[in-house]
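1. pasting a predicted model and its sequence here:
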Amino acid sequence: MIRNLLLILASISFITVIGGAVYEHLALVPVWSSAVPASLSVFQGEYRLTPEKFWMLIHPVTVGLLIAALVANWTSDRRPLIVSTLAGYLIVLGITFFYFVPELMDLTQTPFSETVDAALTDRANRWETLSLVRLGFLVILAMTLLSALAKPFDTRSYRRF
C-alpha cells in the first residue's frame with residue numbers, strides 16, 4: 001500500500017511541476033517576453049509576480065517524493081522507470097539551475113525602459129523556445145513515471161544484480 005501511495009504522490013507532484021510550467025508558458029511568458037525590457041514590469045515593482053516561491057517549494061518536494069517512491073519500489077519492476085524519471089528530472093534541474101534561472105534573472109532584472117531592446121527580446125524568445133523543449137522532456141518523463149504506476153508491484157519477475 002505505501003509503495004503505491006508514494007508513487008502516486010510522486011506522480012501528482014511531478015505533474016504539478018508540468019502544470020505550473022504550462023501555466024507560465026500560456027499566461028506569463030508571452031507577456032514578459034513580448035517587448036523586453038518594457039514588458040518586464042510584471043516582474044518589477046511593489047506588486048511584482050513571484051513565481052519563484054512556487055518553484056523553490058515544488059522541486060525539492062518532487063525530488064523527495066521520487067526518492068521515497070524509488071526506495072519503496074526498489075525490489076520491483078517499477079525501479080528502472082522511477083530511476084530514469086528521477087535521473088532525467090535531476091538533469092533538467094541542473095540545466096535549469098545553470099542556464100534557465102540565471103538567464104531569466106538577467107533578463108527580468110533589466111531596468112525598465114519604454115524602449116524595446118531587440119537583442120533582449122531575442123534572448124527572451126530563445127529562452128522561451130528552449131524552455132518549451134524542457135517542458136516537452138518533462139512530459140516524456142511524466143509518461144515514464146505514470147507507466148511505473150501502471151505496473152503492478154511484483155518482485156517475482158524482477159532481476160536482482
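-> That came through fine. Numbering: from 1, shown residues only.

2. give me the neighbour count for residue 30.
-> By other Cβ atoms under 10 Å, 12 other residues sit near residue 30. In this view, the C-beta of every residue, glycine as well, is placed from N, C-alpha and C.

3. go on, the one 4 residues further on?
-> Other residues lying near residue 34 total 14 when counted by other Cβ under 10 Å.

4. residue contacts, it?
-> Contact analysis of residue 34 by Cβ atoms under 8 Å, 6 or more residues apart in numbering lists residue 121.

5. could you report the pLDDT at it?
-> Per-residue confidence (pLDDT) for residue 34: 91.

6. does it count as helix, strand or coil?
-> Under DSSP: H, G, I helix; E, B strand; the rest coil, the three-state class of residue 34 is coil.

7. next, the buried residues of the biggest helix by length in the chain.
-> Secondary structure of the chain per DSSP state H: the longest helix is helix 118-150. For helix 118-150, burial by neighbour count (16 or more other Cβ atoms under 10 Å) applies to 120-121, 123-124, 127, 131, 135, 138, 141-142, 144-145, 148-149.

8. also stretch 40-55?
-> 40, 43.

9. which residues are contacting it?
-> So stretch 40-55 is contacted by 20, 24, 28, 31, 32, 107, 108, 110, 112 (Cβ under 8 Å, 6+ apart).

10. okay, the fifth one and residue 125: tell me how far apart.
-> Yep, that's residue 32 we're talking about. 11 Å (Cβ to Cβ, to the nearest Å).

11. phi, psi of the closest residue to residue 13 other than its chain neighbours?
-> Sequence neighbours aside, residue 62 is the residue nearest to residue 13 in space, at 4.3 Å (criterion: Cβ to Cβ, 6 or more residues apart in numbering). When read as degrees, to the nearest 10, the backbone of residue 62 gives phi -70, psi -40.
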